[in-house]
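quick one, fold the following:
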Amino acid sequence: MSIRIQRFGEHLKMPWKNGLGITREVISRPASDGSGGFDWRISLATVGASGPFSVFPGIDRTIAVLEGDGMQLTVDGRREPPLLVDSPPFAFSGNAEVQADCLGEETLDLNVMSRRGVVVHRMTRIDVRAAQRLSMSKDTVAIVFRGDATVTMDSVRTDVGLGDVLICEPMPFELTVTPVGADCALYAIEIASDLDMAAAPEQVAS
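I've put the predicted structure just below:
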């Protein structure tokens, strides 16, 4: 099984498609150039000013706030509830016109995108308040950490922090996550074909 930790500082920096900001690409398949030529993509973006999101026709998107004051999204003219650190992941169409209004200072967000009709994705938030053994599904391709923790796999311990990502081959595996401090959560990201994901149970970890 191939599993590695990719640190926040190792993510590839590239401009937003609309040129209004910088994103840190964690992984994409196939490898992308930022223009949308991928089947799926995981990235982290720092939002420091209000403005529109890039439009990605034919792409489904999910976003979550990892750090900061959060954003108020307006999607195709509909004002959504504030997106904050403790909010659940928010899914929307890449076809939509999205305006993001900052609710304070900078916000670091997690973005997952997948090409409609080719693959589908699922982002699941897991709060970790004590040492917890997690069983991940065969479709899990990444675990994104928010907050400091120690990860143990096969007796090997690794410290992780905000924006660090465990990247793995899609196959079942287990890990133990021990929080360091009171504010630890992770986001499990699954990628699968349309039919596979539709037949899969909602729970990705236990």
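
domains of the chain?
The chain breaks down into these domains under automatic domain parsing: 11-115, 120-199.

do you know which of the ones you listed lies nearest I3?
Among the domains of the chain, domain 120-199 comes nearest to I3, with 4.3 Å by CB to CB. Using the backbone N, CA and C atoms, a C-beta is placed for each residue, glycine as well.

tell me where the chain has helices.
With DSSP state H, the ranges of helices along the chain come out as 194-199.

hmm, which helix or strand of it has the shakiest average pLDDT?
Ranked by mean pLDDT, DSSP states H and E, the helix or strand of the chain with the weakest confidence is helix 194-199, at a mean of 56.

who's V112 bridged to?
Counting by DSSP bridges, V112 is bridged to I42, T62.

sorry, that was for M123
I189.

wait, it sits on A188?
Yes. Using CB atoms under 8 Å, M123 is in contact with A188, at 7.4 Å.

who are the neighbours in contact with the residue of the chain most remote from its centre?
Distance from the C-alpha centroid of the chain peaks at S155, with 26.4 Å (CA atoms, centre = their mean). S155 makes no contacts at all, as judged by CB atoms under 8 Å, 6 or more residues apart in numbering.

now do the same for it: its pLDDT.
Confidence at S155, expressed as pLDDT, is 86.

same thing with D33?
On pLDDT, D33 comes in at 57.

what lies in contact with stretch 126-142?
Stretch 126-142 is contacted by residues 26-27, 42, 122, 143, 147, 149, 165-179, 182, 184-192, 196-197, 200, 204-206 when judged by CB under 8 Å, 6+ apart.

same thing but at 7 Å, please
Residues outside stretch 126-142 that contact it (CB atoms under 7 Å, 6 or more residues apart in numbering): 26-27, 42, 149, 165-168, 170-179, 184-186, 188-192, 196, 200, 204-206.

got the buried residues for that stretch?
By 16 or more other CB atoms under 10 Å, the buried positions in stretch 126-142 come out as 126, 128, 132, 134, 136-137, 139-142.

send the alpha carbons of it over as PDB?
Extracted in PDB, the C-alpha atoms of stretch 126-142 (Å, rounded to 0.1, in the frame of the first residue of the first chain):
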ATOM      1  CA  ILE A 126     -14.600  13.800  11.000                       C
ATOM      2  CA  ASP A 127     -14.100  15.700  14.400                       C
ATOM      3  CA  VAL A 128     -11.300  14.000  16.500                       C
ATOM      4  CA  ARG A 129     -11.600  14.800  20.200                       C
ATOM      5  CA  ALA A 130      -9.700  11.800  21.500                       C
ATOM      6  CA  ALA A 131      -7.500   9.100  20.000                       C
ATOM      7  CA  GLN A 132      -9.700   7.400  17.400                       C
ATOM      8  CA  ARG A 133      -9.200   4.400  15.200                       C
ATOM      9  CA  LEU A 134     -10.500   5.100  11.700                       C
ATOM     10  CA  SER A 135     -11.300   2.500   9.000                       C
ATOM     11  CA  MET A 136     -11.300   4.200   5.600                       C
ATOM     12  CA  SER A 137     -13.100   3.000   2.500                       C
ATOM     13  CA  LYS A 138     -11.500   1.600  -0.700                       C
ATOM     14  CA  ASP A 139     -12.300   4.900  -2.500                       C
ATOM     15  CA  THR A 140     -10.500   7.100  -0.100                       C
ATOM     16  CA  VAL A 141      -7.700   9.000  -2.000                       C
ATOM     17  CA  ALA A 142      -6.800  11.700   0.600                       C
END
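
good, wrapping up.
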